[in-house]
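**Student:** return atomic coordinates for the entry below.
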Amino acid sequence: MAIATPYIYLAVYKGVLQPTIWQDQPDIQKETAEKKIHEAEEIEIATTDQKTKSKTEPGKTRRGKIEVLMEKEKLYQETELTLQQLAQKLNVPTYQVSQALNEGMKKNFYDLINNYRVNEAKRLLCDITNRNYTIFSIGFEAWFNSKTTFTTLVKCWRLNIAI
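**Tutor:** Coordinates of the predicted model:
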């Protein structure tokens, strides 16, 4: 053991002093290699940012299209509207619409529709010309086809519970 120790130290010392062991390309200086590594890291970061951006932008675009379609064409007024029909109007697969609603808007399809209908009911209830209507007739005017759903949502609205 005592004879081998100096040889091990000598081998390690010589190995550390030889740059070709630590470099893949012995002709390149340390500064040049570090610069190339830094450039590669910047390219990787830029590529990762683009991938992230491309993943989030379509969801935001779909979300915006959903909102425009709902407000412009007033799809919430269709009492039998389905997620599939909404997807067909947007010309995208159903799962993408569902994903845009769940991730982008933090609600499911029925919550989206009911939210628009509740806002319509609020608008109708605040309109003076509708004073003679009952709350349930306002609900039906706001395209609710179920008294139970409308009553539940009105209670949530009155208690300031998020819908």
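**Student:** got any ranges where this structure has weak pLDDT?
**Tutor:** Applying pLDDT under 70 to the chain flags the ranges 1, 15-30, 33-34, 36-38, 40-42, 44-60, 157-163.
**Student:** strands along that one, start to end?
**Tutor:** Shown for the chain, no strands are assigned by DSSP state E.
**Student:** show me it divided up by domain.
**Tutor:** 48-106, 108-163 (automatic domain parsing).
**Student:** okay, those domains in CSV with mean neighbour count and distance to residue 32 next?
**Tutor:** Backbone N, C-alpha and C define where each C-beta goes, glycine included. Converted to CSV, these look like this (neighbours: other Cβ atoms under 10 Å; distance: least, Cβ to Cβ, whole Å):
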stretch, mean neighbour count, distance to residue 32
domain 48-106, 14, 25
domain 108-163, 15, 56
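**Student:** and these as a markdown table, adding distance to residue 39?
**Tutor:** Compiled in a markdown table, these are given as follows (distance: least, Cβ to Cβ, whole Å):
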| stretch | distance to residue 39 |
| --- | --- |
| domain 48-106 | 15 |
| domain 108-163 | 46 |
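**Student:** tell me which of those domains sits nearest to residue 12.
**Tutor:** Taking Cβ to Cβ, domain 48-106 is the member of those nearest to residue 12, at 38.4 Å.
**Student:** ok so, going back, list just the one of the domains of the chain that sits closest to residue 11.
**Tutor:** domain 48-106 (41.3 Å).
**Student:** who touches the nearest residue to residue 114 once chain neighbours are set aside in this structure?
**Tutor:** If the residues on either side of it in the chain are set aside, residue 114 comes closest to residue 153, at 5.9 Å by Cβ to Cβ, 6 or more residues apart in numbering. Residue 153 makes contacts with 114, 117, 118, 144, 163, as judged by Cβ atoms under 8 Å, 6 or more residues apart in numbering.
**Student:** which one of those is nearest to residue 93?
**Tutor:** Nearest to residue 93 among the contacts of residue 153 is residue 114, at 23.5 Å by Cβ to Cβ.
**Student:** pretty sure that closest one sits against residue 149.
**Tutor:** Yes - Residue 114 is in contact with residue 149 according to Cβ atoms under 8 Å; the separation is 7.0 Å.
**Student:** picking up where we left off before, can you list the contacts of residue 153 in a markdown table and add distance to residue 91?
**Tutor:** Shown next, in a markdown table, are those (distance: Cβ to Cβ, whole Å):
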| residue | distance to residue 91 |
| --- | --- |
| 114 | 25 |
| 117 | 25 |
| 118 | 28 |
| 144 | 28 |
| 163 | 28 |
